[in-house]
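**Q** Give me coordinates for this.
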Amino acid sequence: MGDSHLADELVQDVLWGVIRALREGRVEQPEQLPSFVFGTARNLLKDGIRTRAREKLGPLPEGEIPSPAQEQREFERTHAARQAIARLESHERIVLMLSLAEGLNPEQIAARLGINAAAVRQRKARALRRIGEILGTRSQSTAVDLLKGMDTR
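**A** Numbering: from 1, shown residues only. Below you'll find the model as predicted:
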């Protein structure tokens, strides 16, 4: 299904269904409880899929469907940025991620890493300059734009 909320609901529904069946004495072979739980989950999942398939879906609104070319360009930008980040020294990468991904200021980063704020600023500037060189972009702002929109996991 791909939706953690729906998965949580399914787990809850399965547990309640099994508890009800146990209370009502519908589980004839208690040693087969794992199989009963699995079967209950399978049946509830199938019911959920059938229900979702029957839902009437309207047409997609104009302009909300990204073009394949746009998705490909975004993938390539993200991939290039990830490769550039991987080529940084680990101390530069850490400072950059704490700054851009977590939004910490130089003083907070310095306190976390046990260095001074000037060193944090220097490492960040060096990292951005190296990323710009790796990506063939002289503008640090382009490198920052690439990195800020990325999922850094």
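
**Q** List the contacts of Leu57.
**A** The neighbours of Leu57, taking C-beta atoms under 8 Å, 6 or more residues apart in numbering as the test, come to nothing; the list is empty. Where you see a C-beta, it was placed from the backbone N, CA and C, and this is true even at glycine.

**Q** Residue numbering should commence at 505 henceforth.
**A** Okay, residue one is now 505; in that scheme the one you just asked about reads as Leu561.

**Q** so it, which of the three states?
**A** coil (DSSP: H, G, I helix; E, B strand; the rest coil).

**Q** And the pLDDT for it?
**A** Note on Leu561: pLDDT of 70.

**Q** ok, it to Asp551 distance?
**A** Taken as C-beta to C-beta, to the nearest Å, the spacing of Leu561 relative to Asp551 amounts to 19 Å.

**Q** Same check on Glu606?
**A** Glu606 sits 42 Å away from Asp551, taking C-beta to C-beta as the criterion.

**Q** Over to Asn620?
**A** As judged by C-beta to C-beta, Asn620 and Asp551 stand 61 Å apart.

**Q** Same check on Ala557?
**A** Ala557 is 11 Å from Asp551, by C-beta to C-beta.

**Q** so Gly552 touches Leu514, yeah?
**A** Yes - applying C-beta atoms under 8 Å, one finds Gly552 in contact with Leu514, separated by 6.7 Å.

**Q** Break the chain down into its domains, please.
**A** Residue ranges of the domains in the chain are recorded as 508-558, 577-652, according to automatic domain parsing.

**Q** For the first one, the averaged confidence score.
**A** The predicted model gives domain 508-558 an average pLDDT of 84.

**Q** Likewise for stretch 619-639?
**A** When pLDDT is averaged over stretch 619-639, the result is 90.

**Q** One more: stretch 574-591?
**A** Per-residue pLDDT values across stretch 574-591 average out to 83.

**Q** Please save the CA atoms from that stretch in CSV.
**A** Backbone C-alpha positions of stretch 574-591 (Å, rounded to 0.1, in the frame of the first residue of the first chain) are rendered in CSV as follows:
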residue,chain,number,x,y,z
GLN,A,574,11.5,17.2,-15.2
GLU,A,575,11.7,14.2,-12.9
GLN,A,576,14.8,13.0,-14.7
ARG,A,577,16.5,16.4,-14.4
GLU,A,578,15.7,16.5,-10.7
PHE,A,579,17.0,13.0,-10.2
GLU,A,580,20.2,13.8,-12.0
ARG,A,581,20.7,17.0,-9.9
THR,A,582,20.1,15.1,-6.7
HIS,A,583,22.4,12.3,-7.8
ALA,A,584,25.2,14.7,-8.7
ALA,A,585,24.8,16.5,-5.4
ARG,A,586,24.9,13.3,-3.4
GLN,A,587,28.1,12.3,-5.3
ALA,A,588,29.6,15.7,-4.6
ILE,A,589,28.8,15.4,-0.9
ALA,A,590,30.3,11.9,-0.7
ARG,A,591,33.6,13.4,-2.1
